[in-house]
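Visitor: no sequence for this one, just the structure:
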């Protein structure tokens, strides 16, 4: 049985930048190497979205992504996708060992602000498959203010109905597992009976370490999300553990005291849906669900959850996902063309496929140093006929030769020739093969070292007086 663990954080940052330490977003103090999760998912809301920020973020990682990435790289995580829409930001990281088994990576977004025209509210999503399991992560920011419960419910249905992924048009709810999180903005009912002061008083009566929805039964009975799930108006079949933390909104910035201008509420939530709960080969288990009181940048507190998926027969799907296998690269010389041979099994290379060249310890799938597409026509780069095509510029292409060898398992070999500008500096690198048709990682090479050619002049004898 294979276990995959997921660490999910949702945080409304109230347009603040991470100018203080945010290491506490990772509640890993007591974890050893084996207990560190396989995937980390961060959903931020109200990220600063002024015009100059939107322009910079289109060219570089935004400050929150950079800060999280700098922390996670020390644990050998790779950023596999960032999805941003105005103030909504979703970042997905995984441990490096899982990268070769990621496939069908797609994103979507839904704008619900200003009658669907503005993206200050809505949802951003990431759909993908890892091994034999499909997952969808949704980071959302639903309609605010206590009087807009129906708008929040409509936002949910609009997001579900409007988003689909890939050529198959897969819906959010048809994935094996769905993680839905964000500032859902659900409040407490009966405003006349439960004032800000009364809510704060009830919370303060309980020792902080024991504060939870379970210890505040009166408040939990008037919690909107809890009640609409029970009556089926939204989030039907989604599961949420009892929140073992006090309401995470609204605090005085820089403190753990409530701002009584607003009624405290459990606005920041993480919910799960499984379509495989009745199947023996896979199940989901939520290990923890807490808030992080020590981070005080915003008027919200971050909330995190740890979940595990247990899978049977994962070894078989690992072998099935190995579509492309790179032969060991014995030598890569700078300022010259280099050949790479790979084996392909159960897959026909496509003109849109590409091979990215990365530093050995890359921290994002976006960090390729260079890349090459497979050409529109595969040709033998040793043939005299092709060399006579003087008008055909091959300097920027990955030239391809299909080798005659065919193996017993049906796999075939392909030889690729990279131009002299593919790698510019000495160092250690790795190749990743991507399928453009289904946005999948089909194979990774072993690390190889790029070096300059030996200088013949260095072998000449030196003469002196």
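Guide: On my side now, so go ahead. Only a predicted model underlies this, so the values are computations on that prediction, with no experimental measurement involved.
Visitor: Could you give the number of residues near residue 70?
Guide: Residue 70: 13 surrounding residues under other Cβ atoms under 10 Å. No exception for glycine: its C-beta is placed from N, CA and C like everyone else's.
Visitor: ugh, wrong one, residue 100
Guide: Neighbour tally, residue 100, other Cβ under 10 Å: 19.
Visitor: now swap in residue 359 and tell me
Guide: By the criterion of other Cβ under 10 Å, residue 359 has 15 neighbours.
Visitor: Quick check on it: phi, psi?
Guide: Main-chain torsions, residue 359, degrees, to the nearest 10: phi -60, psi 150.
Visitor: wait, what's in contact with the closest residue to it other than its chain neighbours?
Guide: The shortest distance from residue 359 to any non-neighbouring residue, by Cβ to Cβ, 6 or more residues apart in numbering, is to residue 429 (6.3 Å). Residues near residue 429 by Cβ atoms under 8 Å, 6 or more residues apart in numbering: 332, 357, 358, 359, 360, 369, 423, 447, 448, 449, 450.
Visitor: Residue 292 touches residue 300, doesn't it?
Guide: No. With contact defined as Cβ atoms under 8 Å, residue 292 does not reach residue 300; the gap is 10.5 Å.
Visitor: In three-state terms, label residue 226 for me.
Guide: helix (DSSP: H, G, I helix; E, B strand; the rest coil).
Visitor: Isn't it up against residue 219?
Guide: No. Using Cβ under 8 Å, residue 226 is not in contact with residue 219; the gap is 10.0 Å.
Visitor: Neighbour count for residue 292 and residue 300, which is higher?
Guide: residue 300 (24 against 19).
Visitor: Tell me the bridge partners for that one.
Guide: Residue 300 has these beta-bridge partners by DSSP bridges: residue 249.
Visitor: Equivalent analysis for residue 39, please.
Guide: Applying DSSP bridges, one finds that residue 39 bridges with residue 6, residue 94.
Visitor: Got the domain ranges for this protein?
Guide: Following automatic domain parsing, the chain resolves into domains at 2-315, 322-451.
Visitor: deepest of the ones you listed, which one?
Guide: domain 2-315 (a mean of 18; mean count of other Cβ atoms under 10 Å).
Visitor: returning to what we had before: need the domains of the chain in TSV with mean pLDDT, can you?
Guide: Listed next are the domains of the chain as TSV, based on pLDDT from 0 to 100:
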stretch	mean pLDDT
domain 2-315	90
domain 322-451	82
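Visitor: contacts for the helix or strand containing residue 416?
Guide: Residue 416 belongs to strand 412-418 when assigned by DSSP states H and E. Contacts to strand 412-418, defined as Cβ under 8 Å, 6+ apart, come from residues 337-345, 349, 355, 357, 372, 381, 398-403, 405-406.
Visitor: helix or strand right after that strand?
Guide: strand 427-435.
Visitor: Which strands or helices does the very next helix or strand once past that following strand pack on?
Guide: Beyond strand 427-435 on the C-terminal side, the first helix or strand identified by DSSP H and E is strand 440-444. For strand 440-444, the packing partners by 3 or more Cβ pairs under 8 Å, 6 or more residues apart in numbering; DSSP states H and E come out as strand 102-113, strand 324-326, strand 427-435.
Visitor: does residue 137 count as helix, strand or coil?
Guide: strand.
Visitor: Taking strand 102-113 as reference, get the angle to the biggest helix by length in the chain.
Guide: For the chain, the helix that runs over the most residues, judged by DSSP state H, is helix 149-162. Put simply, helix 149-162 runs at 140 degrees to strand 102-113, going by axes from the mean of the first three to the mean of the last three Cα atoms, to 10 degrees.
Visitor: Who are the packing partners of helix 149-162?
Guide: strand 102-113, strand 118-130, strand 133-141, helix 224-231.
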